[in-house]
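Colleague: Model the following, please.
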Amino acid sequence: MDLGRLVVAVVLSAAILHSAVVGAENHHVFLDWEVSYAVRSPLGIAKRVIAINGRLPGPLLNLTTNDVAHVNVVNTLDEPFLLTWNGLQLRRNSWNDGVAGTNCAIPPGENWTYVFQAKDEDWYNMDAAAMQELLDGGRGLPPPDGVLINGLGPYGAELAFEAGRTYRLRVSNVGARTSLCFRVQGHKLLLVEAEGAYTAQKHYASLDVHPGQSFSVLVAADQPHRAYYIVVSSLFVGPELYGVGRIRYAGASDQPPSGNAPLDDRSSHNTYNRSMEQAKSIRMNLTAGAARPNPQGSFHYGQINVTRTLLLRNDESVVGGRRRCTVNGVAFANAATPLKLADYFRVAGVFTVVSGWPERRNLTVGTMAIDASYRDFVQIVFENRLPSMQTWHLDGYSFFVAGMGWGKWSPEARSTYNLVDAMYRSTVQVYPMSWTAVLVYLDNEGMWNLRSQNLERRYLGQELYLRVSQGNSEVPDPRDELPMPSNALLCGKAKSLGSWYKSGPRPT
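Modeller: Presented below is the predicted three-dimensional model:
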């Protein structure tokens, strides 16, 4: 993975709370996004950043279920660019996933249009090139320099409240690697949604949000008319960092909030045990009047037979004289040819199929994919043997977060799973020296990226791909996977094969 892409890529999240059957008539949304460099100084130090239409964070992607988005991305940078869609499942359409294993990057000065249908940050002042030099030299990244709220530094973000109303706040951690704790002075947070799924409604004083995760809370404007602090603090790193914003009630004076931000000493809450207990307390809402995940015709996912278990053990070691982060002993390296194109054109030697289970092998660098059968119900266990937090994201899917525990995972751990109302999400945390087990119904054919949301670890090799197929050589039925887009960019070993797919059938 190229760190230039890693640091500057803009990752957007769209919240879709409902899913429905695709109708004959769908609403089409057409957008033009120009990607360019800009200079921002949220912490007082000028830094070159990537902006979309001049904005950082980028523009809101506001879609309703079954809308078809056409996003024309114009790359005015001096380097190739990819845009991925964290949290959107892109049903039947890994062709538009926007990661290096599925798409060729948009070259400088050119454009490409992503087409997909909607279904159900921490900050470094260090330059991206300097960050890449540190990692390539075998060293880790230092702690971030600060925490931003909506791209703004301390006291820059402000929300307006009207007394008597209730507000939905959607909180997303788009930082590079740091877990965060979110709270609002004097107000309770009613958790109602996480990554597109309704949660059992419960009040929290604060909520942890790990890299790549999102949630929605309802906040009642029921306090005296004045200003209040919004505080986002870093977790599990030292020194503790704070991003501070404000809520101001309509008609309140211009006086700052009372007290001193960050309100109180949260060090007693900065513990892994507390965080895991909070994670286990978040459950799916089984009574909400909305569409729900329905694997194999049954909402009772705990009663479905697991057809396969994948055990993914992350670690860190020196491979070929360089520090690497591995999954089952292999550090991932992107190939010049995206895996999706290599699979479609049957180009040999681009990636290696692995078992999805720790094997006795010498630590190595490679381009790995796990073969998985379409419509299997699979258990994925993430086992973290390191003394630091991990967060994992699976493109194309959401999964049931069935269990978490300390130490090594064993099959007997299933007796501790939540098989009734586990959260259904696409990004999950794995605590130090612990495991997390998820259950996923593989009903979305394609080549899907499974990656660490800690961007340092991803750059150093902690990712792989899941190739979900029906296991035959036939072109997939469009009801299961959409055809290759006619405007697909070709690169690597697939570049010379463009005339084959433009003229009709793929090579045999």
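Colleague: From here on, just use CA atoms for contacts and neighbour counts.
Modeller: Noted.
Colleague: elements contacting the host helix or strand of I247?
Modeller: For I247, the enclosing helix or strand under DSSP states H and E is strand 242-249. Helices and strands in packing contact with strand 242-249 are listed as strand 146-147, strand 158-161, strand 227-234; criterion 3 or more C-alpha pairs under 8 Å, 6 or more residues apart in numbering; DSSP states H and E.
Colleague: Adjacent strands (with direction) for it?
Modeller: Using DSSP bridges, the strands paired with strand 242-249 in its sheet are strand 158-161 (parallel), strand 227-234 (antiparallel).
Colleague: Need the residues that contact it.
Modeller: Strand 242-249 has contacts (C-alpha atoms under 8 Å, 6 or more residues apart in numbering) with 146-149, 153-163, 225-234, 257, 261-262.
Colleague: try 6 Å
Modeller: Residues outside strand 242-249 that contact it (C-alpha atoms under 6 Å, 6 or more residues apart in numbering): 147-148, 154-155, 157-162, 225-233.
Colleague: again with stretch 484-495
Modeller: In this structure, residues lying in contact with stretch 484-495 by C-alpha under 6 Å, 6+ apart are 104, 336-337.
Colleague: Give the buried residues for it.
Modeller: Taking 16 or more other C-alpha atoms under 10 Å as the basis for neighbour counts, the residues of stretch 484-495 that come out buried are 484, 488-491, 493-494.
Colleague: by contact count, what packs against the host helix or strand of R457?
Modeller: Counting by DSSP H and E, the element that carries R457 is helix 455-459. Contact here means 3 or more C-alpha pairs under 6 Å, 6 or more residues apart in numbering; DSSP states H and E; on that basis helix 455-459 packs against no helix or strand.
Colleague: Restricting to C-alpha, output it in CSV.
Modeller: What follows is helix 455-459 as a C-alpha-only set of coordinates in CSV (Å, rounded to 0.1, in the frame of the first residue of the first chain):
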residue,chain,number,x,y,z
LEU,A,455,-3.4,3.1,8.7
GLU,A,456,0.2,2.5,10.0
ARG,A,457,-0.5,-1.2,10.3
ARG,A,458,-2.3,-1.4,7.0
TYR,A,459,0.7,0.3,5.2
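Colleague: List the buried residues in the helix or strand following it.
Modeller: Heading C-terminal from helix 455-459, the first helix or strand you meet, by DSSP H and E, is strand 463-469. Buried residues in strand 463-469, counted by 16+ other C-alpha under 10 Å: 463-469.
Colleague: what sits up against strand 463-469?
Modeller: Outside strand 463-469, the residues that touch it by C-alpha under 6 Å, 6+ apart are 332, 368-374, 445-451.
Colleague: strands paired with it, and their directions?
Modeller: strand 368-373 (parallel), strand 446-452 (antiparallel).
Colleague: Show me the strands in the stretch 101-250 of the chain, by range?
Modeller: With DSSP state E, counting those that start in this stretch as the criterion, the stretch 101-250 of the chain has strands at 111-117, 122-123, 146-147, 158-161, 166-172, 180-184, 189-194, 197-204, 207-209, 214-220, 227-234, 242-249.
Colleague: quick one, the last one and strand 180-184 angle?
Modeller: Our comparison of strand 242-249 with strand 180-184, counting by axes from the mean of the first three to the mean of the last three C-alpha atoms, to 10 degrees, yields an angle of 20 degrees.
Colleague: what's the average pLDDT for strand 242-249?
Modeller: Confidence over strand 242-249, taken as the mean pLDDT, stands at 92.
Colleague: and if you look at stretch 429-449?
Modeller: In the prediction, stretch 429-449 has an average pLDDT of 96.
Colleague: Kindly check the end-to-end length of that stretch for me.
Modeller: According to C-alpha to C-alpha, to the nearest Å, stretch 429-449 extends 17 Å from its N-terminal end residue to its C-terminal end residue.
Colleague: Please apply the same query to stretch 159-170.
Modeller: End-to-end span of stretch 159-170 (C-alpha to C-alpha): 13 Å.
Colleague: Quick one: mean pLDDT for that stretch?
Modeller: 93.
Colleague: do the same with stretch 259-272
Modeller: Mean predicted lDDT for stretch 259-272 stands at 67.
Colleague: could you pull out the strands for the stretch 351-500 of the chain?
Modeller: 352-354, 364-366, 368-373, 377-384, 390-394, 399-406, 424-425, 427-430, 434-441, 446-452, 463-469.
Colleague: what helices or strands is the fifth one leaning on?
Modeller: In other words, strand 390-394. Secondary-structure packing of strand 390-394 (3+ C-alpha pairs under 6 Å, 6+ apart): strand 427-430, strand 446-452.
Colleague: looking at the ones you listed, which is closest to R360?
Modeller: With C-alpha to C-alpha as the criterion, R360 lies closest to strand 446-452 of those, at 22.0 Å.
Colleague: Run the angle between the closest one and strand 390-394 for me.
Modeller: For strand 446-452 and strand 390-394, the angle between their directions (the same axes, to 10 degrees) works out to 170 degrees.
Colleague: Renumber starting at 21 from here on
Modeller: Fine by me, first position is 21 from now on; the one you just mentioned is strand 466-472.
Colleague: Mind listing residues that contact strand 466-472?
Modeller: So strand 466-472 is contacted by 114, 360, 411-415, 478, 482-488 (C-alpha under 6 Å, 6+ apart).
Colleague: ok, of those, which one's closest to C345?
Modeller: Of all the contacts of strand 466-472, the one with the least separation from C345 (C-alpha to C-alpha) is Q482, at 5.5 Å.
Colleague: Tell me if I'm right that the closest one and N348 touch.
Modeller: No: here Q482 does not reach N348: they are 9.7 Å apart, not a contact under C-alpha atoms under 6 Å.
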